[in-house]
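> I need the structure of the sequence given here:
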Amino acid sequence: MLEVGQKAPNFSLPSSEGGKFSLADAKGKWLVLYFYPKDDTPGCTTEACNFRDSIKDYAAVNALIYGVSIDSLESHAKFIKKHSLNFPLLADTDKKVVEIYGVWKEKSMYGRKFLGIERTTFVIDGEGKIAKIFPKVSVTDHHKAVLDFIKQSS
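Reported below is the predicted structural model:
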């Protein structure tokens, strides 16, 4: 399990903006790396739209926002277009990054067990260290808690 203070595991994933994104691309900035279960589902849409609506506040504290799920770039493109998202989504279709970050877990719904992403946000500082982990995120006001943490830590 990853812990606050340790170096964030590096990765390279296809980005909805084209090309690939890796941690080095965020050097010198705060990085909000939020893992979410599925494009265009109720909780994931609320979370994404809250980040979308507060993007200027994040820019003001030199923070980038990246969403990560196992959905394809095509799915991400539809999600971005439908909800006018103004930050990139990363496609971890082979599930390597969700496993490295420890968010690919056994979940249970209606008595049925399955593997999926446990909604988790990592705040990574400009040197690539994990500054904060928000596990088992509740989407209501989560974007505010993340922003408040960055403001207090800057």
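> Counting by contacts, list what the helix or strand of the chain with the lowest mean pLDDT packs against.
Across the helices and strands of the chain, mean confidence by mean pLDDT, DSSP states H and E is lowest for strand 104-109: a mean of 88. Other helices and strands packing on strand 104-109, by 3 or more CB pairs under 8 Å, 6 or more residues apart in numbering; DSSP states H and E, are strand 112-117. Placement of C-beta: from N, CA and C, glycine included.
> what angle separates the strand it packs on from strand 104-109?
Strand 112-117 and strand 104-109 are oriented at 140 degrees to each other (axes from the mean of the first three to the mean of the last three CA atoms, to 10 degrees).
> Please identify the pairing partners of the following helix or strand past strand 112-117 and their relative orientation?
Downstream of strand 112-117, the next assigned helix or strand under DSSP states H and E is strand 120-124. Note on strand 120-124: by DSSP bridges, its sheet partners are strand 30-35 (antiparallel), strand 130-134 (antiparallel).
> Packed most tightly, which of those strands would that be?
For those, the largest average neighbour count (mean count of other CB atoms under 10 Å) is found in strand 30-35, namely a mean of 24.
> chain center to that one, what's the gap?
For strand 30-35, the separation from the chain centroid amounts to 5 Å (computed by CA atoms, centre = their mean, to the nearest Å).
> outside of that strand, which residues touch it?
Contact with strand 30-35 is made by 8, 23, 47, 51, 58, 61-69, 98, 101, 103, 117-126, 131, 137, 146, 150, 154, as judged by CB atoms under 8 Å, 6 or more residues apart in numbering.
> okay if I get the strands paired with strand 120-124 as TSV plus distance to Met109 and mean pLDDT?
Shown next, in TSV, are the strands paired with strand 120-124 (distance: least, CB to CB, whole Å; pLDDT from 0 to 100):
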stretch	distance to Met109	mean pLDDT
strand 30-35	18	98
strand 130-134	21	98
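> mind showing which ranges of the chain have poor pLDDT?
Applying pLDDT under 70 to the chain flags no residue at all.
> Pull out the buried residues from the least confident helix or strand of the chain.
Of the residues in strand 104-109, Trp104 count as buried by neighbour count, 16 or more other CB atoms under 10 Å.
> Listing partners with orientation, what would you give for it?
strand 112-117 (antiparallel).
> now the partner strand, how far from the centre of its chain.
Centre-to-centre, strand 112-117 and its host chain are 19 Å apart (CA atoms, centre = their mean).
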